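[1] no sequence for this one, just the structure:
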């Protein structure tokens, strides 16, 4: 019934739907209600706020399934109401009201606003704002709306939930990170990652040795909300780090009242969904017998090995979390402990993460001084499986057995070459046995991280409208690890194994101080809110250098480091201010300005200024909108601002510096070897990249926000791109330099809608849908305009050396594929090495390469829905990307005869793509390998059961079962259509995961 | 705590609208240094001099995976590998089976301005020029005085400076020979926002000549410098090479054969002598007891590692079936380059029993399939073993310690002979034949291979036998007018099995498209 009903948000249709639903519910529970039939109760429901009638209010008899809802005139009528019953009136945005029936047959009620819901507060940079009064394009997702299931890394909580935000997990490795893009990338060579701010403390964005990704050290269970700031009005207060958007994360805090203990536990089973389509042993044998030379046929083995089966397994994982929150006297606190154990689907891959978090929020001086202390600690212990095995399992000869008794390489089969004397040496050009790659490498990493802040908020005694806020934060971590490979292993045969270690210490410090002032000026119907502050951010990493060791502990010659360590460091100092003026609750004018000084630039270019201005018009507050009673919220937002970007570039690129060469790079004079002191290329004028964003948005809400949504249109233009460009050789110590040249545009539309088509006492149905259109274009790349300039090649691929497949060209998408146009025969088979002569000069050369598609989707869709009936709930999330293309490097590298009948005196497997192409040689640059990777993916589907109070009313129990990565619909011929960067090679497959969860509240 | 105080202090000051703590924004790298520190003492100068030389040995500063230049895989970004490809793969001496971008174009003689290997070579040569410029700038008499360096120390650094002048002249010779009309920068030009002008080939000839002559007086006497560094003889050898090719650079009738004779003879009489055994010139211990090599590019399998240089020449020249251990690279053998049949056939008996310079491996002399390594003979000339046959150790057992002979005495004998045959005065035919026979006597081990008369073509053939795979061949074929012509063919010349002539424009490489775009002062070669 629900599936057939289309979701159209007109009141009339909705009403019909409600009625049907209620009937359905009644039918289901008929047995329960046919008791003690008594009188009929009727009445009218109004809005306490203005006395208007409320249609669609749910009216049910408490503890029964008997119920109805009010009609267009706010009237209802219920028959068979039992004696002594209580009626429950509920409506979105209103406080629930219960009325005992007694002897009355007419009960009129007025429902009051649920002020908590209507005055919902959203976190913004350095403060909060009422949701209705937002001036920026901001989406907030709280814990109740997070993705369900086995979530290893926090950003996965909001996948598919926010229009304009693309979150792509990097791969299926335990704890692997994601690439987050807000409204496409604003840059080519600088970072495109958004700024992430946790409890007011910006993360440095640098990676950690020994951890799959820095966010993975934060327990997702400790997160309360994600707030995504998208337009310049919202982000410009973060100035130089805001061009790629900002994500604000708040963590769970203590609540006053009796202590609440929560325990949740999950068991997850991960299985591989699909492996790369390589030839089976029989197909392979047939191919070699048919096409190979006698020498090649002689290389065939007698086994039938599916190498991909050999390296994957079912991964079992558990996640347990315990939290206690309450108040000690009047001091709220929350303490949580977590333990995650994740086994990857690649054999031996494993991650453990114990974590702890403490929050206390004492109040002093009659609550004039509020202190929030957050302290988080986590340890990630990983055993990293050698991921080189993934691609080798595709290309390894399936007729060879995994083990070979006569093998000196730990008993594993390896390709060897025999000389005339019959002496076997490892073939240096052959791939290594995939199972041996994993089993013979022991790579362990540990990261200890502590992360926290102390925030002091002081409300001045003599002027309570003025607050002073000091936030001191730190983020320290230590990553270390070892890699051991035995002496006899083929993978490090040249160095007699490996016994290496690494160590990295990160020390990031943050200090923020700001004053904020807010004043209602009732006499002139105005409200003024002002903020001014200062920020200091220092990020330093200490990387230790060690020589390489053989398995027996001997130093590999030439690997002694020249230096014991290096400390890359950068500092940012900021001043910022914001003024928000509200007139008559209708017109809101906001302006912000920030100036940042960065150690990455020379004193002359060090400071950048980043302003923004925004106007919001709350149209629904206008008198002429009053008659539209269904309208809860309607506002128009206009904003413009400039943000900057300096992340992702080297720390000292403006300095002309010399560096001393490593010990493997010395030069001999006489009998002495000298380390070389070399100058490095630099641009002393390097400065900020700037992005100007204009945004127009419309927020709407109907029926007390039972249906709400927003539409945003934006235009982003980045200038002074931090761009690596060719320079006239001879003018600097390189042929390319990172400098400020070029422009990119991003244009987009975002639409998001959330609705509750059904909300009766027991049955409710929520639906959320969002769609994003984004298109980027490079508008300039060179200092001097040159139509002959093809562009900057990028996107390195595997095969040969130094090949790339993508290009940044003016008037095209960033990362467009740069390929030859394949010619096909009448059967649709590609003709080897036959390409279209696009410029018609009779010669096929690189002038015939063209730009074909890009890895970025033009349209992204997200859909989520949850259906709750009584104690049961069912939910799912689907996502689709449309218009994104992928370069299938697996097929282009292995799907050729040359790889099977390999000139290196070995046999290698191919993908089944060879049956389609019959290519003899690799044709890397053919557009045949650029394939449509549009997809529809069901991220998860879950069912939950809320058992209510159990064990003698001592605790509340919820259980759930979830399936993640349920299915993917795509035309893409490779393993997975969703890969960052658009080049498919060596992807750790994303497993399908089944999760059973249990949640107890004491 | 210090941090906390500072923050609080800063906050307080800011609140008061006073000053900022912006000194914290002045950060500098931990292990890197500024120019004043890099050139503080004479020892510091010598470390920079190591880069002045190391720029043609290695791709980068931090091991095999780093490169000074972008847009090319570090494994093939060094000078010698790129220069070797351009000088050898374009000729009858070598063809490569690999399909990597840019490689097939060489033997097919159909490259374009977009060839990544050509632009990498051009960039490498000009990078080397830029490094030399910087060193020359920083070692001017004023800078030395300003840094308090005087007396013997200053004299030594002036010698370094003259060597940098030589190396710059060498790279300008490379650019002139291969690319004709490159951009031109000297120590007088700034680093940064500067667009170098283009120089005409003839003007560059004059510049290289004048630079070599200007530096000569300051260079060490022949055989008096440290191994690996330039002396006067190397400088004369480059001048002799320059003069021998003058007609190519300056135009028909503009030959400088008299000068070629003068300068080759200066080298011949400078005290250098032939290595008694030809094959010892190309072994892993060729840095010791080597009386013949005037200047080499030095490698070491542990201390000077890369995937280019002689590591490339050896590994690319053999495959795993050739017993890599006997080449001193037990884990090597990439199976790329081998000779066309023209090279072995030039020896007549190419078994190595008559002319010991003939060092080949394989059965099949014909190159039927250009992508099969065993079609055509492999070359076994360069080997990373000592004269006694021991493997020279290397990291990973695949790097070479063979130093590459950039200039050796033998070249001067044949330069003298060719200049005489081309009508140069100041020398004579009898001496020319005597010099010619010195090489043949060493090759045969006795006088059985000696000749009594030589033609101009004999000299070219002798050069082919003496210098194969030493990166001379393209220059020689251009000088003889045979690189592009249909009158001399080799397998797969111009991309067809039996070979074919191609346009004369392929005598010169184009100015790479990347720099044509970046540098608006440049015009493409005709």
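    Arrived safely. Just so you know, these numbers come straight off a predicted model, no measurement behind them. Numbers count the residues shown, from 1 in each chain, chains lettered A, B, ... in the order given.
[2] for chain B, which segments count as strands?
    B:32-33, B:95-96, B:293-297, B:337-338, B:360-361, B:378-379, B:404-408 (DSSP state E).
[3] which residues sit in contact with residue B:166?
    Residues in contact with residue B:166 (C-beta atoms under 8 Å, 6 or more residues apart in numbering or on different chains) are B:211, B:212, B:215, B:219, B:230, B:234, B:235, B:238. Backbone N, C-alpha and C define where each C-beta goes, glycine included.
[4] mind checking which of those land in helices?
    Mapping the contacts of residue B:166 onto helices (DSSP state H) picks out B:211, B:212, B:215, B:234, B:235, B:238.
[5] and the helices in the stretch 401-550 of chain A, which stretches?
    A:434-439 (DSSP state H, counting those that start in this stretch).
[6] and the furthest pair within the contacts of residue B:166?
    B:211 and B:234 (13.6 Å; C-beta to C-beta).
[7] regarding chain B, what is its longest helix?
    Secondary structure of chain B per DSSP H: the longest helix is helix B:151-179.
[8] coming back round to it: tell me which of residue B:211 and residue B:234 has more neighbours.
    residue B:234 (28 against 19; other C-beta atoms under 10 Å in any protein chain shown).
[9] what residues are up against the more buried one?
    B:166, B:294, B:295, B:407.
[10] just give me the closest of the residues you listed to chain A.
    Taking C-beta to the nearest C-beta as the measure, chain A lies nearest residue B:295 of the contacts of residue B:234, at 12.1 Å.
[11] just to check, the closest one is in contact with residue B:404?
    No. Applying C-beta atoms under 8 Å as the test, residue B:295 and residue B:404 come out as separate, 9.8 Å apart.
[12] in TSV: the ones in helices among the contacts of residue B:166, plus distance to residue A:293 and pLDDT.
    TSV is the format used below for the ones in helices among the contacts of residue B:166 (distance: C-beta to C-beta, whole Å; pLDDT from 0 to 100):
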residue	distance to residue A:293	pLDDT
B:211	56	98
B:212	55	98
B:215	58	96
B:234	50	97
B:235	54	98
B:238	49	98
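[13] quick check, pLDDT for residue B:496.
    As predicted, residue B:496 sits at a pLDDT of 94.
[14] that one: neighbour count?
    Residue B:496 has 11 nearby residues by other C-beta under 10 Å.
[15] how close does it sit to chain A?
    15 Å (C-beta to the nearest C-beta, to the nearest Å).
[16] next up, phi/psi of that residue, please.
    Backbone torsions of residue B:496, given as degrees, to the nearest 10, read phi -120, psi 150.
[17] how about it, what does it touch?
    Residue B:496 neighbours (C-beta under 8 Å, 6+ apart): none.
[18] distance check, it against residue A:579.
    Plainly put, residue B:496 is 76 Å away from residue A:579 if you go by C-beta to C-beta, to the nearest Å.
[19] residue B:515 now?
    Per C-beta to C-beta, residue B:515 is found 51 Å from residue A:579.
[20] which residues of the stretch 701-850 of chain A lie near chain B?
    Proximity of the stretch 701-850 of chain A to chain B (C-beta under 8 Å from any C-beta of the partner chain) is limited to residues A:724-736, A:782, A:784, A:786, A:788-790, A:793, A:800-803, A:845-847.
[21] these in helices, which ones?
    Among those, no member falls in helices (DSSP H).
[22] buried subset of those, written for PyMOL?
    Once 16 or more other C-beta atoms under 10 Å in any protein chain shown is used to decide burial, the buried members of these can be selected in PyMOL as follows:
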select buried, chain A and resi 724+725+726+727+728+729+730+731+732+733+734+735+736+782+789+790+793+800+801+802+803+845+846
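[23] for stretch B:431-439, what is the distance to the chain centroid?
    Its chain's C-alpha centre and that of stretch B:431-439 lie 26 Å apart, by C-alpha atoms, centre = their mean, to the nearest Å.
[24] how about that stretch: buried residues?
    B:431, B:432, B:433, B:435, B:436, B:437, B:438, B:439.
[25] next: stretch A:297-315.
    Buried, per 16+ other C-beta under 10 Å, within stretch A:297-315: A:299, A:300, A:301, A:305, A:307, A:308, A:310, A:311, A:312, A:313, A:315.
[26] closest residue of the stretch 51-200 of chain B to chain A?
    Counting by C-beta to the nearest C-beta, the stretch 51-200 of chain B gets nearest chain A through residue B:73, at 3.5 Å.
[27] ok, that residue - how many residues close by?
    19.
[28] can you report phi and psi for it?
    phi -60, psi 130.
[29] separation between it and residue A:798?
    To residue A:798, residue B:73 is 12 Å away according to C-beta to C-beta.
[30] flag the shaky bits of chain B, pLDDT-wise.
    B:1-21 (pLDDT under 70).
[31] center of it - which residue?
    Centroid-nearest residue in chain B, with C-alpha atoms, centre = their mean: residue B:80, separated by 4.8 Å.
[32] let me know whether that residue touches residue B:404 as I believe.
    Yes. Look at residue B:80 against residue B:404 with C-beta under 8 Å: they come within range, at 5.8 Å.
[33] find residues that contact each of the two.
    Common neighbours of residue B:80 and residue B:404 (C-beta under 8 Å, 6+ apart) are B:297, B:309, B:310, B:313.
[34] quick one: is stretch A:641-659 near chain B?
    Yes. Stretch A:641-659 is in contact with chain B by C-beta under 8 Å from any C-beta, via A:651, A:652, A:655, A:656, A:657, A:658, A:659.
[35] ok, which pair from these is furthest apart?
    Maximum distance among the residues of stretch A:641-659 next to chain B (C-beta to C-beta): 16.1 Å, for A:651 and A:658.
[36] where along chain A do the helices fall?
    A:11-28, A:30-33, A:115-118, A:232-235, A:281-291, A:294-299, A:307-311, A:388-395, A:434-439, A:889-894, A:897-900, A:914-917.
[37] now the stretch 401-526 of chain B against chain A: closest residue?
    Closest point on the stretch 401-526 of chain B to chain A, by C-beta to the nearest C-beta, is residue B:519, at 3.7 Å.
[38] from residue A:145, how far out is the nearest residue to that residue once chain neighbours are set aside?
    Leaving aside its sequence neighbours, residue B:519 sits nearest to residue A:728 (C-beta to C-beta, 6 or more residues apart in numbering or on different chains; 3.7 Å). Taking C-beta to C-beta as the measure, residue A:728 falls 54 Å from residue A:145.
[39] one step back: out of the contacts of residue B:166, who's nearest residue A:671?
    Among those, residue B:230 lies closest to residue A:671 (C-beta to C-beta), at 17.5 Å.
[40] ok, now which ones touch that closest one?
    B:162, B:163, B:166, B:167, B:219, B:220, B:295.
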